[in-house]
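*Asks:* Build me a model:
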Amino acid sequence: MCKGSNHLISSITPFPEDLRVKARVVRLWSVPNNSSNNYPSPSNRLEMILCDSQNNKICASINGIFERKFKRLFNEGEVIILSLFAVARNNVIFRMTNHQFIIIFQYRTKVQKSSDDVPIQYFGFDFVNLRSIRCGVVDTSLLIGLVRNISNIRRKFVYNLQTNRIPIEIYDAWYFF
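*Replies:* Modelled structure (predicted):
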């Protein structure tokens with residue numbers, strides 16, 4: 001593992017020499033292989049969204065050939081420390097984060113679980129006003145969800161213990177238009 005302090009996701013550049021990033025895996029999913037050649041790959045690609053202590057987010061990708069190596073090292077919701085990774089430009093039409101780069105796991109990439117995860121958000125949400133979406137203030141290349149109305153916010157009690165969950169109802173966007 002690289003020695004030194006952790007860097008923020010916002011400091012990631014195309015030349016990530018000796019970068020060490022501490023981030024929470026806020027989303028993790030598997031992408032099926034849709035190989036067009038006659039030799040299909042046996043593994044799926046893993047994709048994830050990482051969020052650091054400043055709520056900066058970046059996409060990360062694990063190629064199918066490395067899936068087995070990294071799959072057991074972390075889960076969604078855990079904080080990890082990454083080093084020795086590659087960086088590529090995030091130039092897809094619709095992006096999941098506004099970061100201009102994406103982290104690519106390589107065979108030499110190091111992953112370490114971190115027990116110090118207090119200041120890093122669990123979900124990494126960035127709520128915006130519906131008006132800013134309609135007026136075009138929000139970057140239209142980012143994939144977003146729409147929550148129209150949240151009401152009746154209260155603390156929830158489960159087994160007489162207070163939780164931090166807020167119950168919300170989510171409707172299809174067409175319901176409001």
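
*Asks:* what residues are up against Asn90?
*Replies:* 59, 97, 99-102 (Cβ atoms under 8 Å, 6 or more residues apart in numbering). Using the backbone N, CA and C atoms, a C-beta is placed for each residue, glycine as well.

*Asks:* quick one: the helices in the chain?
*Replies:* 67-71, 130-134 (DSSP state H).

*Asks:* Same list, those helices, but as a markdown table with distance to Asp117 please.
*Replies:* Shown next, in a markdown table, are these (distance: least, Cβ to Cβ, whole Å):
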| stretch | distance to Asp117 |
| --- | --- |
| helix 67-71 | 19 |
| helix 130-134 | 31 |
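
*Asks:* which one of these is the most hemmed in?
*Replies:* Among these, the stretch with the highest mean neighbour count (mean count of other Cβ atoms under 10 Å) is helix 67-71, at a mean of 15.

*Asks:* Now do that helix: which elements does it pack against?
*Replies:* strand 45-51 (3 or more Cβ pairs under 8 Å, 6 or more residues apart in numbering; DSSP states H and E).

*Asks:* Which residues outside the strand it packs on are in contact with it?
*Replies:* In contact with strand 45-51 (Cβ under 8 Å, 6+ apart) are residues 9, 21, 23-31, 33, 57-64, 67, 70-71, 76, 82, 96-97, 103, 120-121, 124.

*Asks:* Report the buried members of these.
*Replies:* 9, 21, 23-28, 57-64, 67, 70, 82, 96-97, 103, 120-121, 124 (16 or more other Cβ atoms under 10 Å).
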